[in-house]
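S.K.: what's the 3D shape of this:
(chains A and B)
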Amino acid sequence: MPGGDAVTGCPAPLPLSRAIEYWLGELPAAAEAELDLHLLACADCTRHLTWVAEVARALPEVVRGGRVPLALTTALVAKLEQDGVRIRHHRVAAGGAVRCTAAPGDDLVALWLAGPFRTGERVDLEYLGLPGVPAVRREDVPVDPGRSELVFVEPGDVIRAFPAHVTVVRAYAVAGAGERLIGTYTLHHTPWSA
Amino acid sequence: MPERDEADLARCIADVPAGAAKEAEAELASRLAPRIRLYGLRHLRQEAAAQDLVQEVLVITLEALRSGRVREPERLASFVLGTCRMVVAAHRRGERRREQLLAAFGEALAPPPPPAPMVDRERLVDCLRRLSERERTVIVETFYAERGADEIARELGTSAGNVRVVRHRGLARLQACLAATP
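M.R.: Predicted coordinates:
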């Protein structure tokens, strides 16, 4: 299985794409019933699907724990907060600056970047000035098309570890070989002081 | 000695007096349990309910085999599927569990221990960080927010087909990363 779709020992191996669609209830009823039957007869495909089920179980744990950086939709930000995830929000417009920090209890720190984002264009974020880190570029960051802003969350632990510094974030629209600067955002970070 | 398949085990249980093929019953139960659990997780979305389903379906299946009501042992999976559907429907109607049957079958059907996590959480975090931003967002939307491709597509301003491609590519990369030696 590692790295591929093949399942050995089964005459009709379950491809990963189909396992995902089955798990998510995206198959037509007849195909789902057929797969229900196959899985009850096939130990190999059961093991394959169990991996999908295990990821489905584990992933919410690590997301709720604020363990991974993420570009989010506003709906997902709302769901995280409903689920008890503590998020500190910092909002900044293109060309603007914001003071930011992370409190001891913050699971995630959300940076809301407002700007002239256009539906369908790829957006890259470039971070300059992060302590001890060369320039970082996050490519193809999803943008909520109904809003003229982008929200990106970082684990609270990561932000809390930073000393006072200034980071500049540049958002680019990328098309083909060219790119257009959408906006520059300045983040004045200071460690939390109660 | 070649391994007996499920139909062989079913015949073995059916061909002897009720309860005389305890070894075959235990072997069949251990093979079917993870498959029934997965069916339960898929259709009921709760671990506890899936574990209950395992017990109830095994009880009904073994009882049917003992009493000769499974006419075609080679089609045992069909019988198990039908039983799963019946029990899931009953679960949804809020019917009581069949406690007396569970008691009658005793320790052969003791609930299997909760499966050990297949996915190391620290490794999962590391592998998630290695995905592209879009792959990570789509996978989190899928498994944390439990949103389908159509809904994610609307939220991200793209097509459902594109979401499925990104989702599949991201999960394939995640699988490869988790399987690789750290």
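
S.K.: buried residues, stretch B:21-33. List them.
M.R.: B:21, B:24, B:25, B:27, B:28, B:29, B:32, B:33 (16 or more other CB atoms under 10 Å in any protein chain shown). Every residue, glycine included, has its C-beta placed from N, CA and C.

S.K.: for residue B:5, see how far away the fourth one is.
M.R.: Spelled out, that is residue B:27. Noted for residue B:27: a distance of 11 Å to residue B:5, by CB to CB, to the nearest Å.

S.K.: stretch A:104-113 near chain B at all?
M.R.: No. Judged by CB under 8 Å from any CB of the partner chain, stretch A:104-113 and chain B are separated, with a smallest distance of 12.1 Å.

S.K.: please parse chain A into its domains.
M.R.: Domain ranges of chain A: A:16-63, A:69-189, per automatic domain parsing.

S.K.: how long is the first one end to end?
M.R.: If I follow you right, that is domain A:16-63. 23 Å (CA to CA, to the nearest Å).

S.K.: same question for the last one.
M.R.: Using CA to CA, the gap from the first to the last residue of domain A:69-189 comes to 18 Å.

S.K.: of the buried residues of stretch B:21-33, which are in range of chain A?
M.R.: Contacts with chain A within these, as defined by CB under 8 Å from any CB: residue B:32.

S.K.: closest to residue A:134 out of the buried residues of stretch B:21-33?
M.R.: Nearest to residue A:134, judged by CB to CB, of those is residue B:33 at 51.6 Å.

S.K.: low-confidence stretches in chain B?
M.R.: B:1-2, B:94-117, B:181-182 (pLDDT under 70).

S.K.: ranges for the helices of it?
M.R.: Taking DSSP state H as the test, the helices found in chain B are B:6-14, B:22-44, B:47-66, B:76-93, B:99-105, B:121-130, B:133-143, B:149-156, B:160-179.

S.K.: what of chain A?
M.R.: So, for chain A - with DSSP H - the helices run A:16-23, A:29-41, A:43-64, A:74-82, A:156-160.

S.K.: any buried residues in stretch B:82-97, and which?
M.R.: B:83, B:84, B:87, B:88, B:91.

S.K.: and if you look at stretch A:137-153?
M.R.: A:138, A:140, A:141, A:142, A:143, A:144, A:145, A:149, A:150, A:151, A:152, A:153.

S.K.: check these against chain B, which are close?
M.R.: Applying CB under 8 Å from any CB to the buried residues of stretch A:137-153, those adjacent to chain B are A:138, A:140, A:141, A:142, A:143, A:144, A:145.

S.K.: is the residue nearest the centre of chain A in a bridge, and if so with what?
M.R.: Residue closest to the mean C-alpha point of chain A, counted by CA atoms, centre = their mean, is residue A:70 at 3.0 Å. Per DSSP bridges, the residues bridged to residue A:70 are residue A:153.

S.K.: distance of the residue in chain B sticking out farthest from the centre from residue A:146?
M.R.: For chain B, the largest distance from the centre (CA atoms, centre = their mean) belongs to residue B:157, which lies 34.1 Å off. For residue B:157, the distance to residue A:146 (CB to CB) stands at 8 Å.

S.K.: for residue A:167, same thing?
M.R.: Separation of residue A:167 from residue A:146 (CB to CB): 28 Å.

S.K.: sorry, back to before: between the buried residues of stretch B:82-97, which is nearest chain A?
M.R.: Within those, proximity to chain A (CB to the nearest CB) peaks at residue B:84, which comes in at 7.3 Å.

S.K.: spatially nearest residue to that closest one, not counting backbone neighbours?
M.R.: Setting aside the residues directly before and after it, residue B:84 is nearest to residue B:39 in space (CB to CB, 6 or more residues apart in numbering or on different chains), at 5.1 Å.

S.K.: give me the domain ranges for chain B.
M.R.: According to automatic domain parsing, the ranges for chain B are B:6-109, B:121-179.
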